[in-house]
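Trainee: please find the sequence and the predicted model below.
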Amino acid sequence: MSDYRPVDAITRVEIEQLISEMLYRLDHNMADTTWELYTEDGVSAGPMGDMDLEAMKAWGAKRALQTDIVGRHIIGGIRLVQDGDEVEGTVQYLTFRDANDPQTQPASVGEFRERYRKVDGQWRFARREIVPIFGGLAAKAHAARLAERPEGEKVKAAALGERAPILFHQSIPSFSEPEWAAAAGYDGVVIDLQHGEIGLDAACGILRSLPRDSAYSYARVGSIDAGPILRLLDSGARGIIAPTVESREQTEALVAATKYLPVGNRSLGPSRPALYVGDSYVEAGNQAVSTIAQIETRVGFENAEEIITTPGLDSIYIGPADLAVSYGLPGRGDWEDGPVRDAIVRLRELTTAHGVTLGIYSGQPAYTAGLLADGLVDYVGLGIDLVLLNRAFTETIHTLRAAQSSGSN
């Protein structure tokens, strides 16, 4: 005889209400509130991996924005067994999704393996594991779909035919540089207010000289300050890179400065006509502007997951030279092994898992080609204008001297 200890009728009703509430929220675009149904140490497990409460909040916030995804759950065969102060449950489920073909066929059949614990008189999930029995590949595909890039990043990538964007860093106040770079084949510019000679007024002027629909007109600010960021965005910046981000708190401040409500707290004050095109100006603006956190220190890398899972973040940008210095290494950017390379690989894993794009600064075309071939990054800031000019100057004068030397022999 098995050690089967069924729960009493009241406990069964209360736990079944908890299960039903969870599925109702998942099916009715309320995923951003599902974390409330867990204990403080609760865990959600399944095709998307294990998630603690903070990871659940981040996932739920992103899932709630994906209103195009429609799904419904049907459950039955609920088995509940008392296990000390907790209750162990197994719930059979069918999941239907709009993306399945045909839609009347379950996308996944399996069971929820759950543990429940009473907190302040209310039953809560201590652990909830999704175990697909049939349709496991569909469940994994759905998990990947949930972790897709933000819509704005997909639109930008599609505009280039999925080719990795190549940008350059501009540190000299010039209206001509972006035009010449575009003619040479660059896809965009990072106007650099952190390093170089460009001030806020000059940066805003350069941005206004660029086409309004230039998807990769980015600006890197010196710090996370909502005032300058607002002026850059109103002037036409389609992405803001914040340097030396090391915490979720900093990332939340960046999102607040770059996104309109309800995602952030950006003030609505358009100063360029038809800057964003769409039925909702606010939604179009949030989609058009990329919020980018630069990870360039060991502390930032160690806190990478909490940064990457911040709701509203679109992308991570790696500063490899400063990252190397933080590990006590020379300030190079072309690392093929060691902690910087390991960090790039790990950031690729994390950004892919959480639907965030990944970029990097590089000064070496051959090294850049290798990163892109290995699928380690989605876009690259290739070169700084001052360095590129120095190379051109050096090559030109060396060529001259060589020709003079050859001619005198």
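Mentor: Yep, it's here.

Trainee: contacts and neighbour counts: CA atoms only from here.
Mentor: OK.

Trainee: how about residue 363, nearest residue that isn't a chain neighbour?
Mentor: Excluding the flanking residues, the one nearest residue 363 by C-alpha to C-alpha, 6 or more residues apart in numbering is residue 383, at 4.7 Å.

Trainee: so how far is the helix or strand hosting that neighbour off the chain centroid?
Mentor: Per DSSP states H and E, residue 383 falls inside strand 379-384. Offset of strand 379-384 from its chain centre (C-alpha atoms, centre = their mean, to the nearest Å): 19 Å.

Trainee: who touches that strand?
Mentor: In this structure, residues lying in contact with strand 379-384 by C-alpha atoms under 8 Å, 6 or more residues apart in numbering are 164-171, 190, 358-365, 368.

Trainee: Produce a PyMOL select command limited to the buried residues of those residues.
Mentor: Filtering those down to the buried ones (16 or more other C-alpha atoms under 10 Å) takes a single PyMOL command:
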select buried, resi 164+165+166+167+168+169+170+171+190+358+359+360+361+362+363+368
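
Trainee: narrow the contacts of strand 379-384 to those in strands?
Mentor: 166-170, 190, 358-362 (DSSP state E).

Trainee: can I get those in CSV with pLDDT and distance to residue 344?
Mentor: Below are the ones in strands among the contacts of strand 379-384 laid out as CSV (pLDDT from 0 to 100; distance: C-alpha to C-alpha, whole Å):
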residue, pLDDT, distance to residue 344
166, 95, 18
167, 97, 19
168, 97, 20
169, 97, 20
170, 97, 24
190, 98, 21
358, 95, 9
359, 96, 10
360, 97, 9
361, 97, 12
362, 96, 13
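
Trainee: looking at those residues, which one is closest to residue 72?
Mentor: Nearest to residue 72, judged by C-alpha to C-alpha, of the ones in strands among the contacts of strand 379-384 is residue 358 at 32.9 Å.

Trainee: export stretch 164-174 as PDB, just CAs?
Mentor: Taking Å, rounded to 0.1, in the frame of the first residue of the first chain, the C-alpha atoms of stretch 164-174 are listed here in PDB:
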ATOM      1  CA  ALA A 164      24.600  42.700 -38.500                       C
ATOM      2  CA  PRO A 165      24.600  46.600 -38.200                       C
ATOM      3  CA  ILE A 166      28.100  48.200 -38.200                       C
ATOM      4  CA  LEU A 167      28.300  51.600 -36.500                       C
ATOM      5  CA  PHE A 168      31.200  54.000 -35.800                       C
ATOM      6  CA  HIS A 169      31.900  56.100 -32.800                       C
ATOM      7  CA  GLN A 170      32.000  59.900 -33.500                       C
ATOM      8  CA  SER A 171      33.900  62.000 -31.100                       C
ATOM      9  CA  ILE A 172      34.500  65.100 -33.200                       C
ATOM     10  CA  PRO A 173      31.700  67.600 -33.700                       C
ATOM     11  CA  SER A 174      31.100  67.300 -37.500                       C
END
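
Trainee: just how off-centre is it within its chain?
Mentor: 22 Å.

Trainee: how about residue 105, nearest residue that isn't a chain neighbour?
Mentor: Going by C-alpha to C-alpha, 6+ apart, residue 105 has residue 96 as its nearest residue, at 6.9 Å.

Trainee: over to the one you found. Which of the three states is it?
Mentor: Three-state call for residue 96 (DSSP: H, G, I helix; E, B strand; the rest coil): strand.

Trainee: contacting residues for it?
Mentor: 71-73, 103-108.

Trainee: can you put these in TSV and add distance to residue 393 and pLDDT?
Mentor: Formatted as TSV, the contacts of residue 96 follow (distance: C-alpha to C-alpha, whole Å; pLDDT from 0 to 100):
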residue	distance to residue 393	pLDDT
71	60	83
72	64	91
73	66	93
103	63	71
104	67	78
105	66	78
106	65	81
107	61	76
108	62	82
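
Trainee: how about those residues in a markdown table, adding neighbour count?
Mentor: Compiled in a markdown table, the contacts of residue 96 are given as follows (neighbours: other C-alpha atoms under 10 Å):
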| residue | neighbour count |
| --- | --- |
| 71 | 17 |
| 72 | 15 |
| 73 | 17 |
| 103 | 12 |
| 104 | 10 |
| 105 | 12 |
| 106 | 20 |
| 107 | 24 |
| 108 | 24 |
